[in-house]
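Chemist: Structure here, sequence nowhere to be found:
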DNA sequence: TGTCGGAATTACGTATACATTATTGCACGC
DNA sequence: GCGTGCAATAATGTATACGTAATTCCGACA
């Protein structure tokens, strides 16, 4: 790589800054204090969150396209942060960016759902096993139990949206408690990716009574520190649910959503 | 064009472009032809590849820092594409970007290795099971066998670097053949993340004879379409190797590399 | 002597400008 | 009539400009 720039283009390895590493003086103090109170949020993140929210809530439905400039104008910022947000969303699989066509919100196909469920099945079951193996804290038990209780309550009241929210909370807690940040990140990302599909099928699928039971059983297994049972219960839960969903979508002829 | 959108900033949902969706005329022909021959690579990708290569090969060792401007100067481009590349590398876990300190190449700790191996163990074993379940094609069998043969050859010749390359090829093929793009992407990303550590421990660990045997056995299980065996063999292989590595690093006191 | 406060500088986040390249509309030939 | 080539236009990729926030440097003070 003959990058010209004449004299001694210094190798990026040799840090040219005056040797002051590891030296953060107290000027940071006020800065830190400010950062805590100051709710300042970078434009890039605002763009990311705004666009993601619109996608998850179907304001930007799958298949819809948008140009950088349109989004920038709509969000009242320049193209730069929008562009960065789009790249991030693309890496998360929510949108695709085709060079001159703007971003396109990606529809989820049945095949996509199958891929995602295959991964979630394994990773969540692994998480369940890990929690049971190390022994859960009381707070964790409570977190999971509360989520299940909320699922029960929602189901009694026939509030499917609330049930879905609680179910999502349960799954995300499970991933969080496993203590594997990377696993958690993957699970969270894929959950977002399937959000739309879950919301849609919510009213088309049979009442998810079984899910509540499964989760209750899982909590019991975790509480009694039985890694094998925890893994098995949740793995089966996920496989069963995945199959049901794929079969349901296939039956309804919905393979783009 | 007074695009300051004073009145009625149009909602991003209503695509304002003239209704010409699904209309790509033959003008694309020459463009496509050009794109194939033209080796034109966007700066952003050049930056990404260049920086990633330097990280994987320890030219930018873990812990080293670099500013956007430095990298831009070194690569002969502006800050913009460098910045985009950095964001991508950060999302892949290779670097961290602290607001005023530039990017820092992330060291891999023993805990990180444990996290990554936990995930790879599950996902690769799942891949193995999936391939066995659907029945491998002859080409796939050949691909895997060739990789194993190369591992054997390298081990005979005591060429550890070649062994590592072949081993990596085997694992990546496994992930690729599973037919789950997302799974493949995750495995590839984490492989890159542990590249440095594997290269380092290569000479410190016992000769990896066992790995070759494990992989041979896995190919046999896949060939005979035994999903259970395929999963078990590879899962055990990964668990064993992961434990060995973590124990080795712990014993040597290397927990940042 | 060591710590503090403030000015200068720096690095970044964002906006804007510019060049390139792809797509569209249209005139033209078969 | 339909497909083709060319000019116009638009959208992107990249570079540059600019304001802000943070860090460093430096002099004063306890």
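Modeler: Received the coordinates, thanks. Everything numeric here is computed off the predicted structure, so don't read it as measured data.

Chemist: how much does the strand or helix carrying residue A:115 deviate in direction from helix B:110-134?
Modeler: In the assignment (DSSP states H and E), residue A:115 maps to helix A:110-134. Angle of helix A:110-134 versus helix B:110-134, following axes from the mean of the first three to the mean of the last three CA atoms, to 10 degrees, is 130 degrees.

Chemist: moving C-terminal of helix A:110-134, what's the next helix or strand?
Modeler: Next element after helix A:110-134 (DSSP H and E): helix A:138-156.

Chemist: other SSEs contacting that next one?
Modeler: helix A:160-177, helix A:209-223 (3 or more CB pairs under 8 Å, 6 or more residues apart in numbering or on different chains; DSSP states H and E). Quick note: C-beta positions are derived from backbone N, CA and C, even for glycine.

Chemist: Would you mark the buried spots in that helix?
Modeler: A:140, A:143-144, A:147-148, A:150-152, A:154-155 (16 or more other CB atoms under 10 Å in any protein chain shown).

Chemist: before we move on, what about stretch A:170-182?
Modeler: For stretch A:170-182, by 16+ other CB under 10 Å, it's A:170-178, A:180, A:182.

Chemist: what about it, average pLDDT?
Modeler: The pLDDT scores in stretch A:170-182 average 97.

Chemist: cool, stretch A:132-145 as well?
Modeler: 97.

Chemist: so how far does it reach from one end to the other?
Modeler: 15 Å (CA to CA, to the nearest Å).

Chemist: quick one: it to chain centroid distance?
Modeler: A distance of 22 Å separates the centroid of the chain from that of stretch A:132-145, by CA atoms, centre = their mean, to the nearest Å.

Chemist: What lies in contact with it?
Modeler: Applying CB atoms under 8 Å, 6 or more residues apart in numbering or on different chains, the contact partners of stretch A:132-145 are A:131, A:170, A:173-174, A:177, A:179, A:215, A:218-219, A:221-223, A:225-227, A:229-231.

Chemist: just stretch A:41-48 next, same as before
Modeler: Residues contacting stretch A:41-48 (CB under 8 Å, 6+ apart): A:71, A:75, A:77, A:80-82, A:84-85, A:88-89.

Chemist: buried subset of these?
Modeler: Buried among these (16+ other CB under 10 Å): A:71, A:75, A:77, A:81-82, A:84-85, A:88-89.

Chemist: Give the full set of residues in contact with residue A:205.
Modeler: A:244-245, A:248.

Chemist: Could you save these as a markdown table and add columns showing distance to chain B and neighbour count?
Modeler: Formatted as a markdown table, the contacts of residue A:205 follow (distance: CB to the nearest CB, whole Å; neighbours: other CB atoms under 10 Å in any protein chain shown):
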| residue | distance to chain B | neighbour count |
| --- | --- | --- |
| A:244 | 20 | 15 |
| A:245 | 16 | 20 |
| A:248 | 21 | 15 |
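
Chemist: Of those residues, which is the nearest to residue B:61?
Modeler: residue A:245 (46.2 Å; CB to CB).

Chemist: tell me which element that closest one is part of?
Modeler: helix A:227-252.

Chemist: between that helix and helix A:160-177, how big is the angle?
Modeler: Using the same axes, to 10 degrees: helix A:227-252 against helix A:160-177 is 140 degrees.

Chemist: Check which helices and strands helix A:227-252 is in contact with.
Modeler: For helix A:227-252, the packing partners by 3+ CB pairs under 8 Å, 6+ apart are helix A:110-134, helix A:181-201, helix A:209-223.

Chemist: repeat that with 10 Å
Modeler: helix A:110-134, helix A:160-177, helix A:181-201, helix A:209-223 (3 or more CB pairs under 10 Å, 6 or more residues apart in numbering or on different chains; DSSP states H and E).

Chemist: Those: which one's closest to residue B:189?
Modeler: helix A:181-201 (9.5 Å).

Chemist: List the buried residues of the closest one.
Modeler: Going by 16+ other CB under 10 Å, helix A:181-201 has these buried residues: A:182-184, A:186-187, A:189-201.

Chemist: any residue of that helix up close to chain B?
Modeler: Yes: remark: helix A:181-201 sits within contact range of chain B at A:181-186, A:189-190, A:193, by CB under 10 Å from any CB of the partner chain.

Chemist: Put together CSV for the residues you listed, with distance to DNA strand C on each row.
Modeler: CSV is the format used below for the residues of helix A:181-201 next to chain B (distance: CB to the nearest atom of the strand, whole Å):
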residue, distance to DNA strand C
A:181, 21
A:182, 23
A:183, 27
A:184, 24
A:185, 20
A:186, 25
A:189, 22
A:190, 26
A:193, 24
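
Chemist: between those residues, which is nearest residue A:240?
Modeler: residue A:190 (17.9 Å).

Chemist: got a list of what the closest residue to that closest one other than its chain neighbours touches?
Modeler: Nearest non-adjacent residue to residue A:190, counting by CB to CB, 6 or more residues apart in numbering or on different chains: residue A:116, 4.8 Å away. By CB atoms under 10 Å, 6 or more residues apart in numbering or on different chains, residue A:116 lies in contact with A:93, A:108, A:189-191, A:193-194, A:197, A:242, B:180, B:182-183.

Chemist: Ok, residue A:87 next?
Modeler: Applying CB under 10 Å, 6+ apart, the residues near residue A:87 are A:44, A:48, A:95, A:97, A:103, B:44, B:84, B:87-88, B:91.
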